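[1] Predicted model, plus sequence, below.
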Amino acid sequence: MTTIRTATASDLPAIYNLVTELAIYEKEPDAVIATLEDYQRDFAEGLFECQVAEQDGVVFGMTLYYLTYSTWRGKMLYLEDFVVSQTHRRTGAGKLLFTRVLEVAKEKNCRLLKWQVLDWNKPALDFYAKYNATIEKEWWNGKIIF
């Protein structure tokens with residue numbers, strides 16, 4: 001039985017490991033430079049929240065999100081990461097996690113939930129299509145890394 005619940009500080013090591021697993025899946029194994037200590041500090045400061053999927057006390061999936069603002073829409077929830085461990089994919093846990101994030105966005109009175117997905121990640125694109133999600137192709141991402 002899969003349980004979806006709000007993460008606590010004690011879940012952060014498992015969340016960090018899942019982020020690392022996601023980076024490997026996304027062909028960016030060296031991209032994770034934030035440390036577990038960064039996660040612990042930033043979680044304690046309320047910079048982000050998470051939901052976790054667990055079974056028999058083992059966390060195997062998570063969503064990491066935070067509030068932000070859209071000048072066009074208003075309050076927005078940004079889904080930074082969403083991952084289910086390879087061993088638990090196709091079990092329905094992803095649907096449970098994503099549904100919970102949608103609920104959180106509504107509970108927080110957000111007008112928009114936004115995230116990124118890689119153009120080659122067909123399983124993820126197919127998953128989001130089931131929710132009639134708009135996948136923007138005309139907006140390019142910009143970033144500066146310090």
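    Okay, I see it.
[2] drop to CA atoms for contacts and neighbour counts, all remaining ones
    Noted.
[3] contacting residues around the top strand by length along the chain?
    Counting residues, the longest strand found in the chain (DSSP state E) is strand 58-70. Residues lying outside strand 58-70 but in contact with it, judged by Cα atoms under 8 Å, 6 or more residues apart in numbering, are 11, 14-15, 18, 47-54, 75-85, 88, 93-94, 97-98, 101.
[4] In strands only, show me these.
    Per DSSP E, the subset of the contacts of strand 58-70 in strands is 49-54, 75-84.
[5] filter those residues to the buried ones?
    Burial by neighbour count, 16 or more other Cα atoms under 10 Å: within the ones in strands among the contacts of strand 58-70 this picks out 49-54, 75-79, 81-84.
[6] Determine which two of those residues are furthest apart.
    Every pair in these was compared (Cα to Cα); the two farthest apart turn out to be E54 and K75, at 29.3 Å.
[7] Helices of this protein, residue ranges please.
    12-25, 36-44, 93-107, 122-129 (DSSP state H).
[8] With mean pLDDT, mean neighbour count and distance to T2 added, can I get those in TSV?
    Listed next are the helices of the chain as TSV, based on pLDDT from 0 to 100; neighbours: other Cα atoms under 10 Å; distance: least, Cα to Cα, whole Å:
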stretch	mean pLDDT	mean neighbour count	distance to T2
helix 12-25	96	18	16
helix 36-44	98	14	24
helix 93-107	97	17	7
helix 122-129	94	13	19
